[in-house]
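# Let's see this in three dimensions:
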Amino acid sequence: MIATRVMMKTQGGPEVMQIERFDLTPPQAGEVQIRQTAIGLNYMDVYQRSGAYALPLPSPLGLEAAGEVTALGEGVTSFKVGDRVVYGGVLGAYASHRNAPAARCIAIPDGISDEVAAAVLMKGITVEYLLNRCYKVQPGQSVLFWAASGGVGQLAGQWGKHLGARMIGVTAGADNCAAILKLGYDEAIDRTTEDVAARVRDLTDGKGVPVVYDSVGAASFDASIDSLAPYGYFVSFGATTGPAPDVSPHLLQVKGSLYFTRPTLANYVAVRADLEQAASETFRLIAEGVLRVNINQRLRLSDIVASHKALESGTTTGSTVLIP
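Below you'll find the predicted structure:
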């Protein structure tokens with residue numbers, strides 16, 4: 001079968017990505033072949049393309065997509081031809097068709113579209129592990145969440161509200177602040193005009209918050225540290241502005257006996273049962289109306305360079321879906 005995919009021969013700016021035609025072989029043992037209908041765009045794609053995370057070259061790109069199973073490799077019994085599936089964390093998602101490990105695929109429930117599944121899986125299971133397992137958010141707690149108007153941030157606001165937390169979101173601009181207040185956040189902080197840590201102290205009667213979820217990295221590190229209450233948890237799960245600085249034990253001591261963790265989604269869904277549980281919980285909350293998935297950008301896979309430029313510039317909100 002002749003299919004199309006995005007490849008890069010070197011890591012760097014968006015222009016290193018090239019679309020090529022290739023001969024897709026039949027699925028090997030343990031794999032399913034998928035005709036992809038929707039591809040999710042994630043900031044991890046930028047890290048891998050730019051060289052922030054090393055990849056053997058030449059390399060495909062993309063980690064998340066949904067579609068229809070068209071063939072089964074030897075030993076695959078969990079799916080059948082015609083099933084709708086979604087996967088995340090499997091390199092090579094920027095393609096019209098592909099083979100993927102059946103063990104990393106999830107059946108898409110009835111009532112969930114392929115576009116929603118592709119837009120939400122990785123973001124949803126990220127929010128699930130962050131709020132339920134990395135640090136278990138409790139009812140009544142104040143939670144600070146950076147990049148609140150992005151795909152992960154929008155789901156986190158709604159999920160945290162469902163858990164009974166007081167969600168404080170950090171975003172950029174008055175329009176984004178107004179938008180996140182409709183997505184579960186009780187308070188919105190405009191990082192472009194406000195002192196984030198000072199505003200957090202005002203909102204918490206000077207106490208600070210018990211947990212900060214920070215995907216921004218270098219630019220937000222100091223504000224995150226200064227927003228935490230004693231014994232607070234700094235959850236650093238991304239680095240859109242570059243890696244956070246090294247964290248010394250002394251800093252954690254003098255700032256209030258703090259805890260610092262740098263989790264990754266791969267660890268939290270490495271076990272199949274954990275992946276299934278996180279995906280099931282995400283889809284359940286969508287079906288129940290707790291989570292609203294905002295697909296605010298739909299682009300063709302042929303527009304992949306423009307989509308990366310938009311994501312890196314911070315002009316996108318919610319989720320972006322690529323159509324093969």
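# quick one, helices of the chain?
Listed in chain order, the helices of the chain (DSSP state H) span 43-50, 114-129, 151-162, 174-180, 196-203, 221-227, 249-254, 265-268, 272-287, 304-313.
# Out of those, the one nearest Met8 is which?
Shortest distance between Met8 and those, using C-beta to C-beta, is found for helix 43-50: 6.5 Å. (Each C-beta comes from the backbone N, C-alpha and C, glycine too.)
# Residues touching the closest one, excluding its own?
With C-beta atoms under 8 Å, 6 or more residues apart in numbering as the test, helix 43-50 has contacts from 8, 11-14, 16-17, 52-53, 55, 59, 61-63, 91, 122, 215, 238-240, 308, 311-312.
# go on, stretch 104-114?
With C-beta under 8 Å, 6+ apart as the contact definition, stretch 104-114 has outside contacts at 32, 34, 37-38, 66-67, 78-79, 83-90, 117, 121, 275-276, 279, 283, 286-287.
# which of those are buried?
For the contacts of stretch 104-114, a neighbour count by 16 or more other C-beta atoms under 10 Å gives the buried set as 32, 34, 37-38, 66-67, 79, 83-90, 117, 121, 275, 279, 283, 286.
# This structure - how does it break down into domains?
2-121+293-323, 139-262 (automatic domain parsing).
# would you turn those domains into JSON lines with mean pLDDT and distance to Tyr268?
Below are the domains of the chain laid out as JSON lines (pLDDT from 0 to 100; distance: least, C-beta to C-beta, whole Å):
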{"stretch": "domain 2-121+293-323", "mean pLDDT": "96", "distance to Tyr268": "11"}
{"stretch": "domain 139-262", "mean pLDDT": "97", "distance to Tyr268": "10"}
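# which stretch among those domains comes nearest Glu128?
Glu128 sits nearest to domain 139-262 of all the domains of the chain, at 7.7 Å, using C-beta to C-beta.
# Now do that closest one: distance from first to last residue.
Start-to-end span of domain 139-262 (C-alpha to C-alpha, to the nearest Å) is 24 Å.
# Any chance of the helices of the chain in CSV with distance to Ile295 as columns?
Shown next, in CSV, are the helices of the chain (distance: least, C-beta to C-beta, whole Å):
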stretch, distance to Ile295
helix 43-50, 16
helix 114-129, 5
helix 151-162, 9
helix 174-180, 15
helix 196-203, 28
helix 221-227, 29
helix 249-254, 39
helix 265-268, 20
helix 272-287, 13
helix 304-313, 13
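# Give me the contact list for stretch 302-319.
6, 14-15, 17, 19, 40-41, 43, 45-46, 49, 94, 119-120, 123, 149-151, 154, 172, 176, 179, 240, 293-297, 299, 320, 322.
# Filter those down to the buried ones, ChimeraX style.
Restricted to buried positions by 16+ other C-beta under 10 Å, the ChimeraX selection for the contacts of stretch 302-319 reads:
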select :6,14,17,40,41,43,45,46,49,94,119,120,123,149,150,151,154,172,176,179,240,293,294,295,297,299,320,322
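# Nearest to Ala270, out of the domains of the chain?
Nearest to Ala270, of the domains of the chain and by C-beta to C-beta, is domain 2-121+293-323 at 9.4 Å.
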